[in-house]
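**Q** got a sequence here, can you model it:
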Amino acid sequence: MKLSKWVLLVCLVLTGLVHGDENEGDEAYEQDPLILDAQRRAALGIEVAPAVRRSLPVEVTAPGEIEINLYRTAKITPRVAAQVVTRHVKMGQAVKKGDPLVTLSSVAMAEAQGELLVADREWARVQKLGRDVVSETRFVEAQVERQQAHAKVQAYGMAAGQVERLLSQGDASKATGEFSLLAPQDGLVHDDDFAVGELIEPGRVLVRLTDESTLWVEAKLDPAFAETVRVGNPVRVSVGGSRTFEGRVIQFHHHLDEASRTLIVRIEVQNPGDALHPGQFVDVAIDTGESRPVLAVPREAVLLLQGGPAVFKLEGDDFKPMAVQTGVTRGGWTEITAGLDEGEQVAIKGAFTLKSLALKSQIGDVD
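**A** Here you go, the predicted structure:
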């Protein structure tokens, strides 16, 4: 018999109080008296306080989608036709600024490297002879030719350090046309769609790097609500109603989305622990900086009873569950829009204990 009572208790805890009409609105649920004096309440960890009016921030909520932060993204492309010699990174790999990504070989680069070595030697010779021996025209020509050759290999894709190594060696046999594309920033390798030996045309993206420590959220707002939002407003970004991330409004699109007729707002969100990923759908709540006074109770004071929100109101020493209607929850406080009057005493701690005691009283002693 005791086992069946325990089963019933568990069912009641899962489904809420079952007495009374579910459409009673703000009336108390029918139950046996739940009388607890101050000493008993203290022993059970139950605290009581009046429902009060508080100023809760006004937020604009909207759905959003995580996107790559393009301001922290780099696309690595060759500037001349080249063949892939060596792959240095793979998709998903974290790299540091200056790390080699891919080594290429190019006929055009080989020609440019040779021209640079010749121009560098001629410039060194002209400098050594000096202006007293070499005409002013020849002096300037040698200087310009060397500068142009230097700029050309860099324009083709050689990094400054690679150019300096080539010049310091001064060996024409090193003008093979090989050079490495380096990471321009720290980041994660997102794309690496190429194969060793493949001939690559100029402008093709070989590697895309992005720093995912900060991402974007593109949120779609009703234009009427968007009028209250400003650049710099703080934002809460939540995934699946669980974990929350901090962000801020950084930009507005200057046209409405053609399909949804909404205004897209760009939010910059911090991504600690790489918990967010591009393509995820999220919910955003933008703090407009305004507030309004509402009747509110601590969030933990509101429980689910009979399929709806309720609080335990204290009358004398008797706790009565009262159905309420709730509004927004901000900063740990939940707005009460109906079912409770200002100043009425409610359980702000230990409400779940009261719910358990109430359920237990309905099925008798289970000890």
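**Q** can you pull the contacts of residue 268?
**A** With contact set as CB atoms under 8 Å, 6 or more residues apart in numbering, residue 268 has these partners: 69, 214, 215, 216, 217, 247, 248, 250. Where C-beta positions appear, they are placed from N, C-alpha and C, glycine not excepted.
**Q** need those residues in CSV (columns: pLDDT and neighbour count).
**A** Converted to CSV, those look like this (pLDDT from 0 to 100; neighbours: other CB atoms under 10 Å):
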residue, pLDDT, neighbour count
69, 96, 20
214, 94, 15
215, 96, 25
216, 97, 22
217, 97, 26
247, 94, 26
248, 95, 15
250, 95, 18
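**Q** among the residues you listed, which ones are in strands?
**A** The members of those that map onto strands under DSSP state E are 214, 215, 216, 217, 247, 248, 250.
**Q** which of those sits closest to residue 350?
**A** residue 247 (35.0 Å; CB to CB).
**Q** run through the bridge partners of that closest one.
**A** Beta-bridge pairing of residue 247 under DSSP bridges involves residue 235, residue 269.
**Q** per-residue confidence for the residue positioned nearest the centre of the chain?
**A** The residue lying closest to the centre of the chain (CA atoms, centre = their mean) is residue 269, at 4.2 Å. As predicted, residue 269 sits at a pLDDT of 96.
**Q** can you redo the contacts of residue 268 as TSV with distance to residue 118?
**A** Below are the contacts of residue 268 laid out as TSV (distance: CB to CB, whole Å):
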residue	distance to residue 118
69	44
214	47
215	49
216	48
217	54
247	55
248	55
250	50
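**Q** among those residues, which one lies nearest to residue 85?
**A** When the contacts of residue 268 are ranked by distance to residue 85 (CB to CB), residue 69 comes first, at 31.4 Å.
**Q** so what's the closest one up against?
**A** By CB under 8 Å, 6+ apart, the contact list for residue 69 reads 210, 211, 212, 214, 215, 216, 268.
**Q** go again using 7 Å as the cut-off
**A** Residues near residue 69 by CB atoms under 7 Å, 6 or more residues apart in numbering: 210, 211, 214, 215, 216.
**Q** neighbours of the second one, how many?
**A** Right, residue 211. Using other CB atoms under 10 Å, residue 211 has 18 neighbouring residues.
**Q** next one: the first one
**A** Other residues near residue 210 number 22, with proximity taken as other CB under 10 Å.
**Q** my read: it touches residue 70, true?
**A** No - using CB atoms under 7 Å, residue 210 is not in contact with residue 70, being 8.3 Å away.
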